[in-house]
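>>> Take a look and give me a structure for this.
(4 chains)
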Number of protein chains: 2
Amino acid sequence: MPRTTSSGGSGPTSKDVARIAGVSQSTVSYVMSGKRPISAKTRKLVEDAIAQLTYEPHAGARALAGQRTSVIAVVVPFATPVSAHGLMSFVEEIALVARAHDHDVLLVTADEGIAGLRRVAGRRLCDAVVVMEVRTDDDRVAVARDLGVPVLFIGVPDDSEKLHCNDFDFESAADLLVGELAAAGERDVVVVAWGDDTTSRDINYVPRFERGARRSAQRHGVALEWAPVPADRVLDPLLEDVLAGREAPPALVVATALPEAMGALARRGLRPGTDLSLVALCTAAEAQAQAVAVTACSQHPRDVSRRAVTRLFRLLDGAGAPPGVELFPAEVTRRDSVRPRP
Amino acid sequence: MPRTTSSGGSGPTSKDVARIAGVSQSTVSYVMSGKRPISAKTRKLVEDAIAQLTYEPHAGARALAGQRTSVIAVVVPFATPVSAHGLMSFVEEIALVARAHDHDVLLVTADEGIAGLRRVAGRRLCDAVVVMEVRTDDDRVAVARDLGVPVLFIGVPDDSEKLHCNDFDFESAADLLVGELAAAGERDVVVVAWGDDTTSRDINYVPRFERGARRSAQRHGVALEWAPVPADRVLDPLLEDVLAGREAPPALVVATALPEAMGALARRGLRPGTDLSLVALCTAAEAQAQAVAVTACSQHPRDVSRRAVTRLFRLLDGAGAPPGVELFPAEVTRRDSVRPRP
DNA sequence: CCCCATCGTCGATGCGTATCGACGATGGGG
DNA sequence: CCCCATCGTCGATACGCATCGACGATGGGG
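Down below sits the predicted model:
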């Protein structure tokens, strides 16, 4: 028997709304989309019926008929040892902006690689994709170019031609941090840098940061040593090595593993701001959570992702934004971890 | 003009596959679903055509025709100051298990409340929902009962009647941690507990943890003081207070804000394992990242969420699993933060 | 040797919405 | 006073897939 009432256990449809409101189904659709003028009287009838039934449109049917899903996919690098806090902030902000545009967020794990991109785009699960944790040489770049849906990268791959990329300006950040130490009179700087776990994954911001650091060191005439964090993230041996070759402790630029670095220093009896100078690349919250509040560059995950997603929606809304790299400017927040100039 | 070829810019359909394979569209569908027997010859024809076109089925059309979306929604408490690491682990594990079942994950922010639940269920965006960070008295519980899709709670609300709940056994964890200190001869225990930001949000595991701690304290005859972390998470004043009323430092059970607690202790010149005993509730990684490796209970976020999602899929696969609360057992890992018995 | 059960495939239909063309009603200008 | 443009609504159709009933082909048993 044909189903004509809403008694089916499967949720009301726009046809049910239409029947109750005494209009046609297409009118219901036009009330919801606003794509045709509707008289105030009819609108109210329909809206009341919608409220009465607590009607919600079927997303699948919408996607099928309307060619868009109101979903954006986010490729998240879970398995990485990168700061979980930062990651969360990124994803949260993306979700918030998406919701503000009445879109939902689909989570894709980065370990799916290009297959994940092809899947969500091919199955029409989403209208656009945000890719985080881009690699310098990333196979997803090529795939993105003819994926059929807009792709926004958070990070800057080597080949960013015709790509939409948004990120924090790691190069300037490194430049500023080294400059901060130089201004405090430091002449001997060690960068506690990303370790093999990160560099082997070819993360795009590592060379960018290094470039900025070296440029700044050269400009300010300070010696720069690059010290990658070991795989186990235990920094005591590294610290030992660094101290062994010196009369006095060097100044440190901690690009990653700040808590571990603070721990190792504490165990060695060294206090940043007193016994040595230290600056870091980290979130403001992390900088303040340490035993000594740390002079640092925040990576501004929220701002970066907000701008990224906002840009993405501009793309989706048809206002064809041109491709290109958009960097969020770096700035240093001074706290208590740099020794005053002697 | 009617579209009969795949030249439309919108991705191949099962009809295109059918044409190339020289079979009907329904046969393509049966090849993919396996719901009818197919000869080896036909199967190969179809599979080759699928590969040739890199065909992917349209998720919306599938949802519409098939009444299921292959998506599960996860309600994530972003705004909370709870350990981001733990959260990430939860979400990642959920995503991995979901992918293993050929499902995708839709992210819903908890700040949407019951409206979020109604939306994703009403719009048929998902086949099931996982709700994290449940409150003791949670309005989502009532909504979940007749949402139309299965809901799995991570956490245990007061009224868990007819609900599917999975969580870590916080009560036993607190019991064990206090017991650990008691066994080391400590008689004066302060719990560094969740602050107003958490208790005011009525998070379900806070009373469960407290119940276990008090029970254990009573059984072992130790004094228990409950010290909530202040909103700014700066623990120095709290530590000062705690020390002021005592001859010797008490033993600490750190339920939250472990890095901040370690920082405050370091600033006060107190070293866990030497100057006082400290145990914590945290992930194994966090326990080891501190200046002194911390004797702790891991909350096993991965195990909890794996079991939760696995259970959810059992529900979806029709094997009607009964409602009820499933707790992951707690155990203590001894490290270096408890003083040996004098 | 014929009948019937099983296997493998096909055609047709429905899922719920968006959108297009059509059309009656309304109102202003000639 | 009539014609035509605009406004508001309707009916029909397409979107891509899953599913159901039908049906030809095949093979075994009577």
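>>> Could you use CA atoms for every contact and neighbour count after this?
Will do.
>>> Can you name the residues of chain A that neighbour DNA strand D?
A:22-27, A:36-39, A:41-43, A:61, A:64-65 (C-alpha under 7 Å from any atom of the strand).
>>> so where does A:Arg201 fall, helix or strand?
Taking DSSP states H and E as the criterion, A:Arg201 maps to no regular element, lying outside all helices and strands.
>>> Does A:Val191 lie in a helix or a strand, and which?
Under the assignment given by DSSP H and E, the secondary-structure element containing A:Val191 is strand A:188-193.
>>> Only alpha carbons, please: show that strand as CSV.
C-alpha atoms of strand A:188-193 as CSV (Å, rounded to 0.1, in the frame of the first residue of the first chain):
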residue,chain,number,x,y,z
ASP,A,188,75.2,31.3,21.0
VAL,A,189,71.8,29.8,20.0
VAL,A,190,70.6,26.2,19.9
VAL,A,191,67.4,25.3,18.3
VAL,A,192,65.6,22.4,19.9
ALA,A,193,64.0,21.3,16.7
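>>> Name the residues that touch that strand?
Residues outside strand A:188-193 that contact it (C-alpha atoms under 8 Å, 6 or more residues apart in numbering or on different chains): A:178, A:181, A:222-229, A:250-256.
>>> Relative to B:Ser14, which of the residues of chain A next to DNA strand D is nearest.
The closest of the residues of chain A next to DNA strand D to B:Ser14 turns out to be A:Leu64 (C-alpha to C-alpha; 14.1 Å).
>>> And the closest one, how close does it get to DNA strand C?
In this structure, A:Leu64 and DNA strand C are 5 Å apart, going by C-alpha to the nearest atom of the strand, to the nearest Å.
>>> same deal with A:Thr27?
Here the distance between A:Thr27 and DNA strand C works out to 7 Å (C-alpha to the nearest atom of the strand).
>>> Equivalent analysis for A:Ser70, please.
10 Å.
>>> can you check A:Asp175 too?
49 Å.
>>> and what of A:Glu186?
Taking C-alpha to the nearest atom of the strand as the measure, A:Glu186 falls 62 Å from DNA strand C.
>>> Contacts only, for that residue.
In this structure, A:Glu186 makes contact with A:222, A:250-251, A:277, judged by C-alpha under 8 Å, 6+ apart.
>>> remind me which residues of chain A are low pLDDT?
A:1-9, A:80-83, A:319-320 (pLDDT under 70).
>>> Quick one: the helices in it, in order.
With DSSP state H as the criterion, chain A has helices at A:14-21, A:25-33, A:40-53, A:59-66, A:84-100, A:113-122, A:139-145, A:170-183, A:196-199, A:205-220, A:236-244, A:258-267, A:284-289, A:301-316.
>>> just to revisit the earlier point, hmm, which two among the contacts of A:Glu186 are most spread apart?
When the contacts of A:Glu186 are compared pair by pair using C-alpha to C-alpha, the maximum separation belongs to A:Val222 and A:Ser277, at 14.0 Å.
>>> Looking at the two, which is more packed in?
Here A:Val222 and A:Ser277 are set side by side on neighbour count (other C-alpha atoms under 10 Å in any protein chain shown), and the busier one is A:Ser277, at 26 against 19.
>>> what's the closest non-adjacent residue to whichever residue of the stretch 1-150 of chain A sits closest to chain B?
Relative to chain B, the nearest point of the stretch 1-150 of chain A is A:Gly60 (3.9 Å; C-alpha to the nearest C-alpha). Counting by C-alpha to C-alpha, 6 or more residues apart in numbering or on different chains, A:Gly60 lies nearest to B:Gly60, which is 3.9 Å off, once chain neighbours are set aside.
>>> how many neighbours does that neighbour have?
The number of residues packed near B:Gly60 is 26, by other C-alpha under 10 Å.
>>> Next: A:Pro250.
The local packing count at A:Pro250 equals 22, with neighbours defined by other C-alpha under 10 Å.
>>> Pull the contacting residues for it.
Counting by C-alpha under 8 Å, 6+ apart, A:Pro250 touches A:186, A:188-190, A:242-243, A:276-277.
>>> mind checking the backbone torsions on it?
The phi and psi torsions at A:Pro250 (degrees, to the nearest 10) take the values phi -80, psi 170.
>>> Could you pick out the buried ones from the contacts of strand A:188-193?
Among the contacts of strand A:188-193, those buried by neighbour count (16 or more other C-alpha atoms under 10 Å in any protein chain shown) are A:178, A:181, A:222, A:224-225, A:227-229, A:250-256.
>>> Among those residues, which are located in strands?
By the criterion of DSSP state E, membership of the buried ones among the contacts of strand A:188-193 in strands covers A:224-225, A:227-228, A:251-254.
>>> Show me what the closest residue to DNA strand D within the stretch 151-300 of chain A bridges to in the sheet.
In the stretch 151-300 of chain A, the residue that lies nearest DNA strand D is A:Val151 (21.1 Å; C-alpha to the nearest atom of the strand). Listed by DSSP bridges, the beta-bridge partners for A:Val151 are A:Val129.
>>> how close does the residue of the stretch 1-150 of chain A closest to chain B sit to B:Lys15?
Summarising the geometry, the distance separating A:Gly60 from B:Lys15, computed by C-alpha to C-alpha, to the nearest Å, is 19 Å.
>>> again with A:Val129
Spatial separation of A:Val129 from B:Lys15 under the definition C-alpha to C-alpha is 27 Å.
>>> Tell me which of those two has more neighbours.
The neighbour comparison of A:Val129 against B:Lys15 (other C-alpha under 10 Å) goes to A:Val129, with 26 against 19.
>>> The residue of the stretch 151-300 of chain A closest to DNA strand D against A:Val130, yeah?
Yes - taking C-alpha atoms under 8 Å as the contact criterion, A:Val151 and A:Val130 are neighbours in contact, 5.8 Å apart.
>>> and the closest residue to A:Gly116 other than its chain neighbours, what is it in contact with?
Counting by C-alpha to C-alpha, 6+ apart, A:Gly116 lies nearest to A:Val108, which is 6.8 Å off, once chain neighbours are set aside. For A:Val108, the residues meeting the contact criterion (C-alpha under 8 Å, 6+ apart) are A:73-76, A:116, B:95, B:104-105.
>>> So which of the residues you listed are in strands?
With strands identified by DSSP E, the entries of those that belong to them are A:73-76, B:104-105.
>>> Between which two of those residues is the distance greatest?
By the measure C-alpha to C-alpha, the ones in strands among the contacts of A:Val108 have their two most distant members at A:Val76 and B:Asp104, which lie 13.1 Å apart.
>>> Find the residues that touch each one of the two.
With C-alpha under 8 Å, 6+ apart as the test, A:Val76 and B:Asp104 both reach A:107-108.
>>> between these two, who's got more neighbours?
Neighbours were counted for A:Val76 and for B:Asp104 using other C-alpha under 10 Å; B:Asp104 has more, 25 against 21.
>>> On the strand side of things, show who that one bridges to.
Per DSSP bridges, the residues bridged to B:Asp104 are B:Val71.
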